[in-house]
Structure formats: C-alpha cells, structure tokens
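*Asks:* Output the structure for:
(chains A, B, C, D, E and F)
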There are 6 protein chains.
Amino acid sequence: MFFHVKELQFQAKPTRPDPVFAKRLQEVIGGQFGEMTVMMQYLFQGWNCRGPMKYRDMLLSIGTEEAGHVEMLCTMVAQLLENAPISEQEAAANHPVIGAVMGGMNPQHAIVAGLGAMPVNSVGVPWNAGYMVASGNLLADFYHNLTAESQGRLQVTRLYNMTEDMGVRELLAFLIARDTMHQNQWLAAIEELEADGLEQVPVPSRFPRELENQSVAYQFWNNSAGTESAEGRWASGAAPDGTGTFEYLEQPVPLGPEPIPTPGHPLLYGTDMALMKEKANSQR
Amino acid sequence: MFFHVKELQFQAKPTRPDPVFAKRLQEVIGGQFGEMTVMMQYLFQGWNCRGPMKYRDMLLSIGTEEAGHVEMLCTMVAQLLENAPISEQEAAANHPVIGAVMGGMNPQHAIVAGLGAMPVNSVGVPWNAGYMVASGNLLADFYHNLTAESQGRLQVTRLYNMTEDMGVRELLAFLIARDTMHQNQWLAAIEELEADGLEQVPVPSRFPRELENQSVAYQFWNNSAGTESAEGRWASGAAPDGTGTFEYLEQPVPLGPEPIPTPGHPLLYGTDMALMKEKANSQR
Amino acid sequence: MFFHVKELQFQAKPTRPDPVFAKRLQEVIGGQFGEMTVMMQYLFQGWNCRGPMKYRDMLLSIGTEEAGHVEMLCTMVAQLLENAPISEQEAAANHPVIGAVMGGMNPQHAIVAGLGAMPVNSVGVPWNAGYMVASGNLLADFYHNLTAESQGRLQVTRLYNMTEDMGVRELLAFLIARDTMHQNQWLAAIEELEADGLEQVPVPSRFPRELENQSVAYQFWNNSAGTESAEGRWASGAAPDGTGTFEYLEQPVPLGPEPIPTPGHPLLYGTDMALMKEKANSQR
Amino acid sequence: MFFHVKELQFQAKPTRPDPVFAKRLQEVIGGQFGEMTVMMQYLFQGWNCRGPMKYRDMLLSIGTEEAGHVEMLCTMVAQLLENAPISEQEAAANHPVIGAVMGGMNPQHAIVAGLGAMPVNSVGVPWNAGYMVASGNLLADFYHNLTAESQGRLQVTRLYNMTEDMGVRELLAFLIARDTMHQNQWLAAIEELEADGLEQVPVPSRFPRELENQSVAYQFWNNSAGTESAEGRWASGAAPDGTGTFEYLEQPVPLGPEPIPTPGHPLLYGTDMALMKEKANSQR
Amino acid sequence: MFFHVKELQFQAKPTRPDPVFAKRLQEVIGGQFGEMTVMMQYLFQGWNCRGPMKYRDMLLSIGTEEAGHVEMLCTMVAQLLENAPISEQEAAANHPVIGAVMGGMNPQHAIVAGLGAMPVNSVGVPWNAGYMVASGNLLADFYHNLTAESQGRLQVTRLYNMTEDMGVRELLAFLIARDTMHQNQWLAAIEELEADGLEQVPVPSRFPRELENQSVAYQFWNNSAGTESAEGRWASGAAPDGTGTFEYLEQPVPLGPEPIPTPGHPLLYGTDMALMKEKANSQR
Amino acid sequence: MFFHVKELQFQAKPTRPDPVFAKRLQEVIGGQFGEMTVMMQYLFQGWNCRGPMKYRDMLLSIGTEEAGHVEMLCTMVAQLLENAPISEQEAAANHPVIGAVMGGMNPQHAIVAGLGAMPVNSVGVPWNAGYMVASGNLLADFYHNLTAESQGRLQVTRLYNMTEDMGVRELLAFLIARDTMHQNQWLAAIEELEADGLEQVPVPSRFPRELENQSVAYQFWNNSAGTESAEGRWASGAAPDGTGTFEYLEQPVPLGPEPIPTPGHPLLYGTDMALMKEKANSQR
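*Replies:* The predicted structure is shown next:
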C-alpha cells in the first residue's frame, strides 16, 4: 500500500518557460527508458519477487522512489509550458523565432493536455508496458534494470547539454546522480545474487549444462566478412562465466540441411508445390 | 550487404506436429526478447557504431547470425503446425483433447498465415521496434544485449521444459548454447570497453561528475517501510564504480517544496484556481 | 513523493490456484479500464491540476490508493498461477481438463513472467497510455474518471460471477465496494465543480456560446431510418444544460456542398483530375 | 446498411492553406477523442445494444452522423495542405518563416498521403481501437460518450483559438455546436436510462449490494498527506447514489497482511527464497 | 454525409451459438485485412481523391458498403456469443468439452463487451490505422485494395471451412462473393487508370525515368545461394512494364564502399573510435 | 543462414548534413512501406513458402537484398545527422533558420540514438509487424508485395523531390530503380503463378465457386448517391477474372432483415430490453 506527501523529492522549477524543451523532456517521462518504465518495472519485479526479502524490499523501495521522479518531471514540464504561444498564424507572421518554437512544440501539449505533462515520449508516442520486464529471475531482470539506468542517465545527460536553464539543470543534476546510485545499486545487487548462490551467468544457471549443445556454447561465429571481430576479448581466452574457453570460427558453415517444405492443409488454400501442373512445368 | 544460403544454421525438425507448442514458440521469434529483437538490435547498433571496428564488426556479425535464428524458428513453427485441426465443431464434439488443442492454438496461424510462422509473440501481439535500442553508447547497449540474451535464454529453457519432443529440444539446446556464448560475449565486450578506456560505469562516464548532485549519488533511499533492504550489498560499503561509498537513508524526506500550480492559459479552458468564485467559497 | 508499506490495503489470497482465472483477472490490472489506468490517470490529473487544492489533493490521494489496488491484484495473480501445469504434452494426454486449463492459460505467464503478474490485459496486450487522459479541464476528466470506475466495476462484477473461489471473491468484493465509493466520489466532485462555479456543461463552459453555430446546438439529427430515436428524452424538451431546447430533425439534409477536389502538388505524383487525357475521355 | 450522399453535412473550406494547422487538426480526426473514436464507438454500441430500440436507434443515428464529421475534417485537411512547401533546403535558406512552417508540418502528409488527411492524431500516431468502448452496459458507456464529447469539444475550442482562418473557424463552430448537442444528449440519455429503471449508479446496479464489502463502500481514503481533500463534497454527507453516507478516513491503514511469496515452479528458474544458501547467509 | 437503414445488407443469423468461432470471426472484423480496414481505407481514399469523379464516387460507394459488412459481422458475433459459458470452475469440472470451449473463447467478449463484438482481431489485438493506406496515388492504392480483398477473401474461405453452421456459412458465402466482385473491381479500376492515361507501372509513372539509376532497374540480384530463382519469369525476357528487359545477376557484388563512421557529437557521449586510448591499444 | 559483407550495395554519402531530412528519410526505413517491412515480409514469405522452389528462392533472395537497403539508409541517416544543432536556446536566439531546423528534427535522433538511425517512421512511431503479411497464398501476397513496392517507390520519389543534395539523390535514384525492378518482378511473378496453374483471381481460386453467393459476385453496389461510378470499367462488361459480367446496381436495397437483439447473459449486467419497467413505459 502506498502513501504520498505533497513535497517533491527535489525541487523542479525552471528559470523560464521553454515549450520545445518540454517536448524533449517527455522522453525521460514516457519513453522506452523513462521514469514510468523504471517505476512500473521495479514495482512489478517487487510484487513478483519470490526471492529473499532484502531483494523484494529493495525493489519496492526503489520503484516507489521512481514514482516520485515521474512527479518531479511532470511538475517541470507543466512550468516549461507556461505562456507557450498558442495562436500560430500571428506568431509565425511576426516572429520567426516564435514560429520555430511553435513548430517544435508537441501540439498535444496544448490541444490534449492544456499545457500539462503527458505519459508519452519526446515524439508523442504513448508509453506502453512492452518496454518493461519482470521475469521472476532476478539476475536477468537486474541486467535490464542496469541498462535502463544506463540508457536513462545517458538521455538525461544529453538533455542537460541541450538546455542552459539553471533550474532545469538542477533537477537533471539530481536525476543524473540518482541514476549513478542506481547503476551502482544494480551492479551491487548482481554481485549479491551471485554471492548468495542464487543465480549466476549464464542465466538461468540452474538449467543443466549437459542439456545444452556444448559444442557451440563458446564459439564466436564470424558471419560478417573480415576478421576485425577476432581482435576482441570475446574471440579467445577464458569466457567470463569461468567455465568455457572462447573459440573463433572464422568461416562458419551451416550445420543443418536445407529445409524441405511439406504440403499445406488443403482447406487453407496455400500455394503448394504439389499443385504444380504438368502444363506449368512444360512451359519452361 | 547480405547473402543467404539455404541450409539452416542447425537442424529444425520436430518429431511430430504440436500446434499449441507452435503458439508458445512464437515468444522467442516475435516477443520482447525474441530473435527478431536481437537481430534488429545488433544490426542497428552495428550500423550506428562509431567505435573501433572490432566492435562494429562483432555487432554486424552477431546480428547476421541472429537472422538465421529467426529462420530456424520459423521453419520449426511451420512443421509444428502441420496437420493442425481446422474444423472446430467436429473436433470438440468427438475428441476433447483435440478440442483443447484447438482452444490453445493461435487462430491466426490458420486464418492469417495458412499454418506458417508469424512475426508475433506467444499471445499474438505483433513485434514492434519499441523493444530494441541502439543508443550510440556501447556500454549502455551491451548491458541491454546482456539482458536480452539472459531473458532469451531463460525463455528458451522454459520452453524446453514444456515439451518432450526430441526434435524441438535439439533445436532449443542449440539456441540455449548460443545464448550461453552470447551472454559471455557481452560480458567480455563490457570488459573490453572498459579496458580500452572507452566507457565505464556510471554510464556515460564522460559526463563531468562535478555537475551531478553528488550529495545523493550514493544514497539508498528507503521508500518502503521496514529495513530488510539494509541487508544488501547496495546499502553500505564501496560502490562498484570504485568512486563512492553507499549510504543508507532509512527515513528519506522530501528535499523540494510542494509545487504551487501557476495559472493556465486562458484560451485553453483548463480548470484554474483563479476561477474560484466568491459564491463557491461561501458555500462551504 | 511516495512511500510504501508492505502490508496490503486488503487481503489477497485465493483458496486454490486457477491459472485460467489468473489470465482473466489481468483485464482489471492492465486493461483499458484496469487499475493501472486509473492509477496513472489520477496521478497525472493531480500533477497537472491548476485548480483549487482540494481537487489536486483528492486526485493525488486516490491515484496513490489505486497503486495499492494494482499491488493487490498482482499478488493475487501470482498465487493463482502456483502449480500451473507447465508441460503440455503429458497434461493433454492424461487429463483433458488439465489440457483445457493449459489451453486457457496466458502462455506468457509461464514463459515470460515465471508465474507472476504482467502489465497486460486478459488477452495479453500490454497496457498503453493511450487509455488515459488528463486534459487540464477537470469536468471533462471527471466524466472520464466516472466511466473508468463504471466500466471497471462492471468488469469486476463479471469476474466475480466467473469464479467460486471465496478468497478471490473477497478481494473482488473489496474492489467492487471501492468502485462504488469512487463512482460516488466523481459524481460528488462533478457537483462540486459546478457549485464552485468552475465549470459546467457544455464543457468547456467558458467558450463564448455566441461563437458556436447555435442553429444546430440542440438538434437531434436522425441519420438512421425510422424514428424510434424520437421516443427518448434527448429528442424534445429542455436540454440538461438549462439553456437550450431539443429539436428532432427527422430527415436531416446536408448543409454543405459537394467538395470539389483541387489539383495536387506536381512533385508528389498523386492521381489528378487535371491529368485526364483527351484520349482517355474519348475511350468511353 | 449505410448510404452516402456527396454533399457535406456542413461546409469545410479554409480561407487559405495552413499545413501546420492541418497537422494539429488531425487530433480531432484520429486522436483518442477524435471523430473516428466516436463514430466507431457509437456504431459498435448500437450493434451490440440489447436494450430498448430507442437507444439502439439513437446510437446508430449518431454514429452515422459522426462518420460525416470525419468526412468534413478530412476535406478540410486536404485543402489546408494545398501549396505546402515541399523542398526543404531552399525554403529554409530563403524564408525562415517557411522553414518554420515546414518544421511544424507532419512530414507524412507529404511523403505518405500526398497532401491528404490521415487516420492519425496531431503527432502522427495512428488511431487504434483501444480508445473506444462498447461494454453492453449503456450507463457505463454513456458516461464514456459524455467524456468523449467533452474532451472533443474542449479540443475543438482550443483549435478554434489557435487559428484566425474564418473558413476553418466556421467548420469548428459547427462541430462545437454538435458537441454541445451531444453532451446534452448523453446527459438526457443517462436520465432516461434511470427513468426507465434500466440502470443506475453504482454501475452495474443489479449486482447485489450485500455481496460487496459494504464497510468501505463510502469511505474516502486519504492516501496523500494533508487534508485539503476533506473540504470537498465527496468527504462527507449523503452520497449521490442516495444510499450511503460519505466517511473521511484521514489516516488510512492497511487492512491486509504483508504477502508472503510462495516458492516458484522448479522448471521455470525463478529466483527463490528457498535457494538461499548457508554460505550466502554467513557472508553478512 | 451518411445515412443508415436498420435492415442488414444480408442476413446474419447462426444456427447455434459458438463462442470459439466468434473469437475467430473477429479476424475479419478488426484484423489487418478485416472489414474495418477496407471501410476506412476506401473512405479515406475517396475523401483524398483528386482524380476524376468516377473514381472518387466509386471509392466512397464501396467504403460505405463495407461499413455494412462490419455491421453484419458484429451482428453475427453477438449471436454466436449467446449462452456462452461464464463460470469457469464448474464448467471445467463437469464438462471437459465446455472447458475447452471456454479456454478457446476471447475472455474480453465476456468481461469487456458483455457478449458483443469488439473492434479487435482473432487474438484480441485492437484494430489500428497503421493497417490502411491512402497515398493520393490511385494505382498504388488500388494494388493495396486488391491485396486487401485477396487476403480478406482468403481468410473468409478459411473461416468457412472451420465451421459447419449453415447460418454462418450463408453470411460468409455472401462476403466471399462480394470479395470476388471487389477483386474484379480493383483489377478493372487498374485497367481503367492505365486506359485513362492517369498512371501506369512503375508507380509513380511521372517520375522522370532518366533520373533513376537505370543500370539496375531491371536486374534480378540473386542474394541467396543457388539459382532456382533463375527459372522464373522475372529472371529474363521483357519486363511487364514494356520498357526494360530482365537481367539475372547470379553473383551480385557490392557497388558501394565500406562506410567509415565519422566522429560523434561530443555532447551526446557516444562511443567513438577517436576515444580509443594508447593504454587500451597497448593491452592487446 | 545469412552472411554479411561490409561494403554497401550502393554508396550512401550525403553532400552535407541535414537533420530535418534525416527525420523524413526514416519513413522509408521504419514506415508502413519502408525497407524493414519488405525485408521481413519477403523473408517470412520465403520461410513459409510451400510452393515450387523458384518462388521460395526468389523470396529469400529479395528479402536478403532488402536487408542491405535498410543498411544503406541507416548509413545515410547517421551522416545526415552529423553536426546537428544540439543546444536549442542559443540556436533559436541567434539563428532562426537553425531554430527551424531544430524544431523539424526528430528529438529522439539526439536524445535516444546519439545521432544514429532508428527503426521508426518519419514521425517517430516504431515499426511494427502489423505492417507485413505472409499468408501462405502467394498470389495474395504478391499483390501486397506489389503495393509495397509501389507505395515505397512513390515515397522515395517524393523524398527525392524534397532534397537537392546530390549524394542523397544518388542513393534515392538507386532505390527508385530497384523499386522499378521489384514492381516488374512481382508483376512477372503474378503472371508466372497463373501460368503455372497455381493460383488465379479471385484469390483463393480453389474455393469452390458454387459455394459462394453467386447472385452478388459481380454486382457493383452504388451506396453513394449519384452515378458517376457507373462510368468506370468496373460497372459493366466482362469481369477481369474471365468468368463473370459486371452488373451495376444503381439503388441497392438491404437483402437481410433488421436484426432483433436477444436477451443478454444475466451475470454480465448488460442493459436489456427485457428490463424495461412498466413505470418507465408509462412515463412517456
């Protein structure tokens, strides 16, 4: 069960309105790696967590924190939208710069949301739950959490460089720092999972290794001409899982046969090799 | 530029048809972490790669390999669908088990695809590019690649346990082994990026650390009542990035004020505090 | 900013597992009118609210409560999925009923989520933010909130009738009662908005009435043959907004001309009336 | 069965082209509350209506009218797009204002549609049927219809204020008036449903009230710190459904226990509390 | 502007309910090539048509007819859903066949739509406007119309073979015949466009042929090993457009160079070849 | 199985960066008829092809070629994005034109992709597999392939006219030529299918013609007032399938009755005619 306090986790006040930047800032609210993603992702992982309580507690705690990040960003967007130009014709006629600003705004900010934040990304595509994951396997999920915090921090630093508004930058500097923490947190949690003997690479580690096709489990298949890929750590030496040794297959060849299609179902009217007529054959 | 050979990377032949399993197998073709995702993700990362050629080559090589994985799975699905029951009424009336099979099939396999594979997941939702990422920052992306291979291997092992068909299992055992390789590959590539001095945690490492809000960069905020989360590696000690020290904030408090909404734009007809009438106030 | 306590708002424990019902219950988690919709909708409305604080506070309060509803339903789903049959072949061979259960399960519950809840509806389509709205106009939004609670309560009562599990029914009876409250709450809030003089029907009430085309503002256009529609309250008498009088237009006719297409842009290669050749005309 | 006449319901002719406004106007064609939504929503509600014929007739009549609204808006968009600048480089080089216009156009209007209307919203996201509803319960649906007409009228008035083109405004003034009628119509229809004894609040009214958890059916749970929400009509007094009395729960507490996760399925490789090793425990 | 009559274009009455078939029939209502697609596609093509009136009139006429097809199918679905089993536990316990039927139903038909038709396909994915096209070029669009009618008729014949209900089959036989007409209609319209001199292959025919790269305009590039593809009509002889001659390129080679990535933007923190450090290089 | 060579099929190098055009060019990468669509469509058709090997080989060959088209376009987009303006405020303040450029960029190109190509269309909507088809019936699919190449070529020629960059135009001229080839190829393949006796119009040709409702199989229903549609080839004369004769139905009438809704399921709480009360009736 959740509770809310009205104060923000951190202040969110721009120096001046900037409707174009408001559009861009939406990426870290409702984009693939925005705060809505991590909020819902950590909560679902927490609710579905059957692991030790420290993991479950940690997931629910950070998911709840992220809800507050969505809140700060939405508060910021609403203020960036204040005084946005609404009537296009006059603006464009008199002030090219204002016209440019209007061209760069998300029109839904005015038409749909009345100058409020929306649950969409920086081009206006609504957030969807296909962005997130909660698999029940914490190691697999923690790697996703790590990429989410990495992509998220990357996007926020890019946005930081796109604005000079000190109020906006102050909020972004806060979020960048929280992403620093959260990247460290997931790396630490990955260590912990392994130290606890719960899971390790390759995920899932409890699948019996003898059941996989061990002959190809450490081979690099070089499917692109040239051998620059042979220069990397992944091409030779001990594999990071501590079990295998990398092998570089410079010229891979197929191990399976060409598939021979079988006749289709007569009631589904597919085109079928069996239908090929004498007449047709004799034509060529 | 790409070339194709007709032989499969590995054989893909089931012992007998199983239309319900065909539906499930779609998850690793067109699902969030299916082979279409890794294929397109690695190719886009390769095309956008401005890094050393060994990375670019490696990405294009593995992306090209994954296209062959889609091919094998599609070949398998088509064979699993052979002889699927089509006419529902008679089946259900005479053979409850067949009725159950029909209920469990993806009806589009018959109606839309004529008993062929589709670019959809195990519930029939079409693949979309919102699943994948190519950010230009290889460390952020390689973590996503690692999670994709972890989630993917997890799903394939689960599917392995759902079937007893030895032909299907043989293909899945091949794919599981490739996922073992690819998890190791991304871990090795992450090591390599750091060894090459190109990137490290926290991503992006070139953003000036002094610009982030350092006071919160290593704090765990305990937003869920109880302190089980204090027991984890992430709550104290040196952070994995080698720079900070974890701090546990048992009872976090807001650092920002309650936001005060500002008046809306008069031409957008939002509800506004300023509109509150005398009459209304006097009513309570 | 948000806080979480580990106890649930209400208990969520089924008498026995039921994976088919788990699939159905997803509708009220991640469907168009599920708890994710109302949670995010109320929070965004609260964050964007520029109206009197009592509305903003109320919105944030109920949005926070709804997050707890998602939590209870996810907890329930995970337990309904326990002991779900995984291996399909043996199940179907030996136990037609189990086969039926498997056919009716959401396969992603096993393959993707490891028997946990997912942010999807009852057919497996991921939740998306196109379901929700926060327009800045509270009266328009409160009507959406009312429909969401009405559709939601309707769906929960239908689910109630689909199960006989007393543990599930107990949770659903709690949610049904909360929906009763929330329907009443939105009706009361609509009254309050009008009493406060902030907004009334037709929304938005501040648009100057003289600017709309008043000749058609209270006419029922009967575009479907027959006049059964004339029997309703909407066909005659005073309109609910207290301003106009309904008029029934039994045989509506177009008020505008047939549109005459204008020539297309020559560089876009559209088919154009202007291209029609002499030769072509003479052919017919 | 449907018939079409070529004349428009009302005239749709702009004074001059305006490709940026064409992009914006798409919101009320293919947006969440655009005319495509109400058209399809009313038709599906009519087709699925098992209620008295006056309702069914009314639904089919208004759905058919709305198809004509889509038609007028598409006609308008095509004319607004006439003479749009196509070649970007020269435009931007010579005329900053034209460049701004081009930046603000929907590029698909030129590339995909050859300067015609599209079934998308103002940012270019295609219309989808997840926007609409037809539940079989007319009261629940009529509230959705009311919100659709409220949000729709709100959006059209905002668009009205964004343009000074008298031809465009004339069409919008017509649509605004029809939305006035339709808001009144749904309010009247809601009255009628209740007068006919078919349905009332709380929806669905035929679910036995004694089966819901009556102890919480009229309680406001104050999940956000502060008590501004106590000032509203929803916090005390008789509830609008005429049955209960509002109660304000200032400090709500959980009524359920903390959920205890149960062990996962061994073949799905989830992380599990049961796996926690001695070694792991002794490490901390 | 549109009008509606209550009688159906053709009768739509099943012999008996069949909720599993109702789910399947949704494919031709709300699927990629369902009646909603052709209805909206023809109407948008008509509204955007700048070509001779006979085409515009024809498009609007057939689009209006298709609206009536959606209506018949929705009417059918509602009747197929009558008496569907609702309570799952007892059904499954007592009657395996009923259990199978329930497993095969679309649960939203009961939970969301109250046993009515929905704007979704046979797996429950909502219709979206990304399925349709109206490009302004009638020849390009008429080919899409032809494929829509071909895929549509194919799906309806498959559905015909899946049921033995004579009432359902009668409606499907009507729809199949209309699809026969419409395939012929589009083929005739394609002929007419060419006869009118408005457009021909290759579309768009007004793009100056000398501006395309004529050296590759009639070459078959054999990018898959083996030469079975050389046996087809497309590998040699005169091309259907009457202008070129097919050429078979058995072993195609790249015509362009390997792309050399350029340095990224310093403020976006991409991984960059330029960053490669001395230290890193010396490590290998 | 697939292989890759690093050289491009054709060169892809712009004369100078143009971030606005980069956004537009995305339409033919990730749009409805972009190269991702044809690549995946041809590959799935090839994998599912049960027809003679020449078709299967041809499909796999062209699908593999199209993967190289995606590659060239992505390479082009990355170069068009070089040196894009990132910081908005200063750009807009000093250089209106640059401001216009920034307003016209896809902000995700900077924020999400670090100035690389994305799998999205020209407004930023991610590619989804609902754009493509592989039905198992080659004639139905080849018509879709033909429309894809027609729409695709149309879009590329429009883009050609929007830029004056000779490097971009050179690549587009190559793609336009390949689309010329591919339109011809599908027309030839359609001829071949018919010559081989595998399939013909109406698709599917093996459905027994006597089972369809032959009375309406060649009738044009004129559902839009006026008779301009009677002037077309589709209104009279022999139908293209060589079997029927077109008939023009100037004033079509319904052939079916008005549907009479049946009572709903009592446990689903739909509004029902049977519920209509005496009191209600007497009120009017």
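*Asks:* When you work out contacts or count neighbours from here on, use the C-alpha atoms and nothing else.
*Replies:* Fine.
*Asks:* So which residues of the stretch 1-150 of chain A form strands?
*Replies:* Taking DSSP state E, counting those that start in this stretch to define them, one finds strands in the stretch 1-150 of chain A at A:2-4.
*Asks:* all helices of it, in order?
*Replies:* A:19-25, A:27-30, A:35-48, A:53-80, A:88-94, A:96-104, A:107-111, A:138-162 (DSSP state H, counting those that start in this stretch).
*Asks:* helices or strands next to the shortest one in the packing?
*Replies:* Spelled out, that is helix A:27-30. Judged by 3 or more Cα pairs under 8 Å, 6 or more residues apart in numbering or on different chains; DSSP states H and E, helix A:27-30 is in contact with helix A:35-48, helix A:53-80, helix A:138-162.
*Asks:* Out of the helices of the stretch 1-150 of chain A, which gets the lowest mean score?
*Replies:* Out of the helices of the stretch 1-150 of chain A, helix A:88-94 stands lowest, with a mean of 54 (criterion: mean pLDDT).
*Asks:* Let me see the contact set for A:Pro19.
*Replies:* A:80-82, A:84, A:101, A:105 (Cα atoms under 8 Å, 6 or more residues apart in numbering or on different chains).
*Asks:* which of the residues you listed tops the neighbour count?
*Replies:* In terms of neighbour count, A:Val101 stands highest of the contacts of A:Pro19 at 30 neighbours, by other Cα atoms under 10 Å in any protein chain shown.
*Asks:* Relative to D:Asn145, which of the helices of the stretch 1-150 of chain A is closest?
*Replies:* D:Asn145 lies closest to helix A:107-111 among the helices of the stretch 1-150 of chain A, at 19.2 Å (Cα to Cα).
*Asks:* Next one: that closest one, is it in contact with chain D?
*Replies:* Yes - looking at helix A:107-111 against chain D by Cα under 8 Å from any Cα of the partner chain, the contacts come from A:107-108, A:110-111.
*Asks:* residues in contact with that helix?
*Replies:* For helix A:107-111, the surrounding residues in contact (Cα under 8 Å, 6+ apart) are A:81, A:86, A:115-118, A:124, B:268, D:24, D:27, D:122-123, D:155, D:158-159.
*Asks:* Convert that helix to CSV, retaining C-alpha atoms only.
*Replies:* Output in CSV follows, covering the C-alpha atoms of helix A:107-111 (Å, rounded to 0.1, in the frame of the first residue of the first chain):
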residue,chain,number,x,y,z
PRO,A,107,0.9,20.2,-30.3
GLN,A,108,-0.8,17.8,-27.9
HIS,A,109,0.6,19.7,-25.0
ALA,A,110,-1.8,22.4,-25.9
ILE,A,111,-4.7,20.6,-27.6
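*Asks:* longest strand of chain A?
*Replies:* strand A:245-249 (DSSP state E).
*Asks:* Bridge partners for the closest residue to A:Pro252 other than its chain neighbours, pull those for me.
*Replies:* Nearest residue to A:Pro252, sequence neighbours excluded (Cα to Cα, 6 or more residues apart in numbering or on different chains): A:Trp221, at 5.9 Å. When assigned by DSSP bridges, A:Trp221 has beta-bridge partners A:Leu249.
*Asks:* got a pLDDT number for A:Trp221?
*Replies:* Per-residue confidence for A:Trp221 comes out at a pLDDT of 97.
*Asks:* The one 10 residues further on too?
*Replies:* The confidence metric pLDDT takes the value 95 at A:Glu231.
*Asks:* Count the residues that sit near the closest residue to it other than its chain neighbours.
*Replies:* Spatial nearest neighbour of A:Glu231, chain neighbours left out: B:Lys54 (6.2 Å); criterion: Cα to Cα, 6+ apart. Using other Cα under 10 Å, the number of residues around B:Lys54 comes to 16.
*Asks:* From B:Thr180, how far out is B:Lys54?
*Replies:* 21 Å (Cα to Cα, to the nearest Å).
*Asks:* Then A:Gly31?
*Replies:* Counting by Cα to Cα, the gap from A:Gly31 to B:Thr180 is 30 Å.
*Asks:* same question, A:Asn213
*Replies:* 10 Å.
*Asks:* Out of these two, name the residue with the larger neighbour count.
*Replies:* Ranked by neighbour count (other Cα under 10 Å), A:Asn213 and B:Thr180 place B:Thr180 first, with 29 against 18.
*Asks:* Which of the three states applies to the more buried one?
*Replies:* Three-state call for B:Thr180 (DSSP: H, G, I helix; E, B strand; the rest coil): helix.
*Asks:* Where does the stretch 151-284 of chain A get nearest to chain D, residue-wise?
*Replies:* Minimum separation of the stretch 151-284 of chain A from chain D (Cα to the nearest Cα) falls at A:Asp196, amounting to 3.9 Å.
*Asks:* per-residue confidence for that residue?
*Replies:* Taking A:Asp196 on its own, its pLDDT is 94.
*Asks:* just checking, it touches D:Met276?
*Replies:* Yes - with contacts counted by Cα atoms under 8 Å, A:Asp196 reaches D:Met276, the gap being 6.2 Å.
*Asks:* Those two: who's more crowded?
*Replies:* When neighbours are counted by other Cα under 10 Å, A:Asp196 comes out ahead of the other of A:Asp196 and D:Met276, with 21 against 18.
*Asks:* Got phi/psi on the more buried one?
*Replies:* Backbone torsions of A:Asp196, given as degrees, to the nearest 10, read phi -80, psi 0.
*Asks:* Roughly how far does it sit from A:Leu59?
*Replies:* Relative to A:Leu59, A:Asp196 is positioned 17 Å away (Cα to Cα).
*Asks:* Burial check on A:Gln251, number of neighbours?
*Replies:* Neighbours of A:Gln251 under the rule other Cα under 10 Å: 13.
*Asks:* who in the stretch 51-200 of chain A is up against chain C?
*Replies:* Residues of the stretch 51-200 of chain A that fall close to chain C, judged by Cα under 8 Å from any Cα: A:60-61, A:64-65, A:67-68, A:71, A:74-75, A:78, A:112-120, A:126-130, A:133-137.
*Asks:* right, and the helices and strands packed on helix A:27-30 - which one's nearest D:Leu249?
*Replies:* For D:Leu249, the closest of the helices and strands packed on helix A:27-30 is helix A:53-80, at 22.7 Å, according to Cα to Cα.
*Asks:* pretty sure A:His265 is touching B:Leu81, no?
*Replies:* No - checked against Cα under 8 Å, the pair A:His265 and B:Leu81 is beyond contact range at 9.6 Å.
*Asks:* any chance you could map the strands in the stretch 151-284 of chain A?
*Replies:* Under the criterion DSSP E, counting those that start in this stretch, strands of the stretch 151-284 of chain A are mapped to A:219-221, A:237-238, A:245-249.
*Asks:* will you turn those into a markdown table that also has mean neighbour count and distance to B:Glu231?
*Replies:* Converted to a markdown table, the strands of the stretch 151-284 of chain A look like this (neighbours: other Cα atoms under 10 Å in any protein chain shown; distance: least, Cα to Cα, whole Å):
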| stretch | mean neighbour count | distance to B:Glu231 |
| --- | --- | --- |
| strand A:219-221 | 24 | 39 |
| strand A:237-238 | 14 | 33 |
| strand A:245-249 | 18 | 36 |
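*Asks:* for these, which one sits closest to B:Asp18?
*Replies:* Of all the strands of the stretch 151-284 of chain A, strand A:219-221 sits nearest to B:Asp18, with 31.2 Å by Cα to Cα.
*Asks:* Tell me how many other residues surround the closest residue to A:Gln45 other than its chain neighbours.
*Replies:* Spatial nearest neighbour of A:Gln45, excluding adjacent residues (Cα to Cα, 6+ apart): A:Ala134 at 4.9 Å. Residues near A:Ala134, counting by other Cα under 10 Å, number 28.
*Asks:* Can you give me the distance of A:Ala134 to A:Ser150?
*Replies:* From A:Ala134 across to A:Ser150, the span is 18 Å (Cα to Cα).
*Asks:* near chain E, which residues of chain A?
*Replies:* Going by Cα under 8 Å from any Cα, the residues of chain A near chain E are A:154, A:157-158, A:161, A:267-269, A:284.
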